[in-house]
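Peer 1: coords please:
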Amino acid sequence: MTYRAQPFVILADTDEGVARQTRHNAASAMCLADDWDEAGYRNVRIVDQDGVTLDRRQFRETLTLVKVMRGRALALA
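Peer 2: Residues are numbered from 1 along each chain as shown. The predicted structure follows:
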């Protein structure tokens, strides 16, 4: 059996109900959430691998690349 990371669950409210998709990659989850927000979906949120529900801003803050880039910007200042 191969190891698979727990998926991220992306949720949003639509006129028809709740849209739900899963992604195994954090960056992919963030891209889908951004796409849904731009498409006008409401209350876009991501459930992380620990079961914590975050809005797009909160989730973006947890991404490793964001943390690395902020650290580099602070080092340059």
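Peer 1: give me the most central residue, the protein.
Peer 2: Closest to where the C-alpha atoms of the chain average out (Cα atoms, centre = their mean) is residue 30, at 3.6 Å.
Peer 1: buried ones in stretch 32-41?
Peer 2: Buried residues in stretch 32-41, counted by 16 or more other Cβ atoms under 10 Å: 32, 33, 36, 41. C-beta coordinates here come from the backbone N, C-alpha and C atoms, glycine included.
Peer 1: who touches that stretch?
Peer 2: Contacts with stretch 32-41, where a contact means Cβ atoms under 8 Å, 6 or more residues apart in numbering, come from 10, 12, 13, 14, 19, 21, 23, 44, 45, 46, 56, 59.
Peer 1: do the same with stretch 8-22
Peer 2: 7, 23-26, 29, 32-33, 36-37, 41-49, 53.
Peer 1: the protein: helices as residue ranges?
Peer 2: Along the chain, the stretches classed as helices by DSSP state H are 26-38, 56-62, 64-76.
Peer 1: mean confidence for the first one?
Peer 2: Regarding helix 26-38, the rounded mean pLDDT is 95.
Peer 1: tell me who's in contact with the closest residue to residue 63 other than its chain neighbours.
Peer 2: Using Cβ to Cβ, 6 or more residues apart in numbering and skipping the chain neighbours, the partner closest in space to residue 63 is residue 26 (5.9 Å). Applying Cβ under 8 Å, 6+ apart to residue 26 gives the contacts 8, 59, 62, 63.
Peer 1: reformat the contacts of stretch 32-41 as a markdown table; add pLDDT and neighbour count.
Peer 2: Output for the contacts of stretch 32-41, formatted as a markdown table (pLDDT from 0 to 100; neighbours: other Cβ atoms under 10 Å):
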| residue | pLDDT | neighbour count |
| --- | --- | --- |
| 10 | 98 | 25 |
| 12 | 98 | 20 |
| 13 | 97 | 14 |
| 14 | 96 | 13 |
| 19 | 97 | 15 |
| 21 | 97 | 15 |
| 23 | 95 | 17 |
| 44 | 98 | 21 |
| 45 | 97 | 17 |
| 46 | 97 | 24 |
| 56 | 94 | 17 |
| 59 | 92 | 23 |
